[in-house]
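[1] Sharing a model that was predicted from the sequence below.
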Amino acid sequence: QTLKTNAELIEQGPNTQKKPKGQLSSSIFTMFTQMMGSSILAFPFVVQKLGWILTTLLLIHSVVMVLVAVHYYLNACYYTQAASYKDLVTKLMGKKMGQLLDMSLFLSYYGYMVAYVIVSSNGIVTFVLNAFDYQLNTYITKIVLTVGIMLPLCLLKSLKQISMISTFAGMIIFVFVFSIIAYFFMHIDTKTLCSYDGHDIKYSLPNFPDANAGMSTLFFIMYIPSIFGALTALPVVPRFLKELVGPYPFRKIIAEKAVLWSMIFVVTCYILVGYMGAWMFGSDLDQNILKSFTPCKDMYTDILSLLYAIVVMINFPLVLYPLKTSLVQTFHEQIETKKGYRMSIWIDLIFIAAALLLALFLEAIVSIFGLFAAIAGFVFYFLAPFYCFIVMNKLRENGKHLDEIEDNGQPVDNIATAIFALATGNLQQARRLSIKMFGQDEVIVENGPRGRTASVVGQRRQSRRISIKQEQKIDFKINLGDESSDLANDVINRMIGDDEVQPVMQKQEKPNEEFGDVYIPKGLYQKVPKNRRTAGLTIIGIYGIICVIGVIMNTIDVINVFSG
């Protein structure tokens, strides 16, 4: 759903070779770029329609409930060691629910693909109109952009280069946010953004919707699924737990902090763009705020709109890639094979044709986001995460061994222990985390004479240990960190040979396999106390009603757009 959409899910993911202390910042940036996207262009229209008071209540509700949902979802991924969102749902709710989740994801991403076609077309048309005083035909523009640029990009076998470009292109989001702030304060004295054809675009921000209490309530409800979806990045969470460096509990701490900090940054951007943008344009606001600048004929915003269009076109194949990969796998093929690639071409053609067909006749990106979020979001945003709430205590009990970190008698870093104790709230676990991450690097000879314990490396990094039991079968316990010195590797290689080191190194490159597969017992739901089941089902039922109202209201909006 973002301008950086799914780049990490496709070829990158959190970098497993990063230093532990640099992982939090990179994780925050990854989560931030997953959450920020074209939906921010539509948020000012929501603020203008609801008024700033109801919008504030909507944001508070969405932020709180998203954090609650992601907390239980993250912990469910942690205690099941799920490799993906679908893997989690399949483990907990069965294969049919996993397939239903796939269908929900298809619908959700299809909605974003339609919006991407519209946004890219708007950017090109606006730039050409103001720069060359020529009005492009929107229908022809959408067809040319989709068939001539987006389709060839989707046919590429490797998206690595596009993912790298997307990383830098995501910076356009920051430029856009700061531009809105700058324009707001540039014209706040006159409270007139610009004038055209004798009409002034004046600052105006309503307190409440221009409707009665009943309709205002329905407006509030209809936007809950779309705002909820705009603030989540659920598919990337299992990748964090799998690919971050460090003990398994430490990865969960990093992921939790990444979610919290990225939420703070994203909400800040939404507030700045949403409230300031809605206030600047007043009743002249379009559903795409960049399109609202068109009458002002400002070259800077025209160029920004063009750059945004280019970024959206580049990211279009990144949205489609996980969908076609999943569909190809349902036919027991891999997209890397010739047969799988041929199947992916047909999937590209079908999805692009479907996205173009709807985009040709609809310009209302707010209605698109709202409609598809309400249809697909029930399973994706509400049912699965809050089902995790229902069974969480049983999952935690079943996977309690995942919280255990062995210390093996290593020395403790008191400062690190204190820091981790504040983060985890558990002194014993904090002590083990400290030992695991900052333990001394040493070779220990157990059951041998005193003085035979020798230090091999003086760095204080992740534990690298060789345990040798005399008069017994030699038992090597090796944990080589990323920065293991050449001397240490040479000593170990001479002692046991490269053939025995290599499997251990390969195992270290797969950090999520250190505990093996977690068995999830059947009938987990029936073992949950009745009051917790009732609470969880009540929450799911309420959001089910909200999604139904959202579908009805957004469908009415779409019909109104078509009719006039």
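    Ah, there it is. Residues are numbered from 1 along each chain as shown.
[2] Could you report the distance from residue 562 to residue 211?
    Counting by CB to CB, to the nearest Å, the gap between residue 562 and residue 211 amounts to 21 Å. C-beta: built from backbone N, CA, C; applies to glycine.
[3] Between those two, which is the more surrounded one?
    Taking other CB atoms under 10 Å, residue 562 and residue 211 do not tie; residue 211 has more neighbours (14 against 10).
[4] what about the strands in the stretch 301-450 of the chain?
    With DSSP state E, counting those that start in this stretch, the ranges of strands along the stretch 301-450 of the chain come out as 442-446.
[5] which stretches of it have low pLDDT?
    Applying pLDDT under 70 to the stretch 301-450 of the chain flags residues 404-450.
[6] ok, now the chain?
    Residues of the chain that meet the criterion pLDDT under 70 lie in 1-21, 159-170, 404-517, 564.
[7] what residue is smack in the middle of it?
    residue 233 (2.6 Å; CA atoms, centre = their mean).
[8] residue contacts, that residue?
    With contacts defined as CB atoms under 8 Å, 6 or more residues apart in numbering, residue 233 is in contact with 2, 31, 34, 35, 262.
[9] My guess is the fourth one contacts residue 262. True?
    Meaning residue 35. Yes. With contact defined as CB atoms under 8 Å, residue 35 counts as touching residue 262 (6.1 Å).
[10] Please tell me how far the closest residue to residue 361 other than its chain neighbours sits from residue 363.
    Leaving aside its chain neighbours, residue 361 sits nearest to residue 562 (6.9 Å; criterion: CB to CB, 6 or more residues apart in numbering). For residue 562, the distance to residue 363 equals 10 Å [CB to CB].
[11] ok, which stretches of the stretch 51-200 of the chain are strands?
    For the stretch 51-200 of the chain, applying DSSP E, counting those that start in this stretch gives strands covering 192-196, 199-202.
[12] Can you lay out the ones you listed as a markdown table showing distance to residue 386?
    Shown next, in a markdown table, are these (distance: least, CB to CB, whole Å):
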| stretch | distance to residue 386 |
| --- | --- |
| strand 192-196 | 42 |
| strand 199-202 | 43 |
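[13] Adding distance to residue 313 and mean neighbour count, write the ones you listed out as a markdown table.
    Listed next are those as a markdown table, based on distance: least, CB to CB, whole Å; neighbours: other CB atoms under 10 Å:
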| stretch | distance to residue 313 | mean neighbour count |
| --- | --- | --- |
| strand 192-196 | 28 | 16 |
| strand 199-202 | 29 | 16 |
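[14] re earlier: the more surrounded of residue 35 and residue 262?
    Shown here are residue 35 and residue 262; by other CB under 10 Å, residue 35 has more neighbours (27 against 22).
[15] Quick check: the gap between the more buried one and residue 74.
    Residue 35 is 15 Å from residue 74, where distance means CB to CB.
[16] hmm, back to that, for the contacts of residue 233, which one is nearest residue 246?
    Of all the contacts of residue 233, residue 246 sits closest to residue 31, with 17.5 Å by CB to CB.
[17] check contacts around that closest one.
    Taking CB under 8 Å, 6+ apart, we find residue 31 in contact with 233, 236, 258, 259, 262.
[18] That one belongs to a helix, doesn't it?
    Yes. Checked against DSSP: H, G, I helix; E, B strand; the rest coil, residue 31 lies within a helix.
[19] Excluding chain neighbours, what is closest to it?
    Distances taken as CB to CB, 6+ apart place residue 262 nearest to residue 31, at 3.8 Å, with adjacent residues excluded.
[20] Cool, thanks, signing off.
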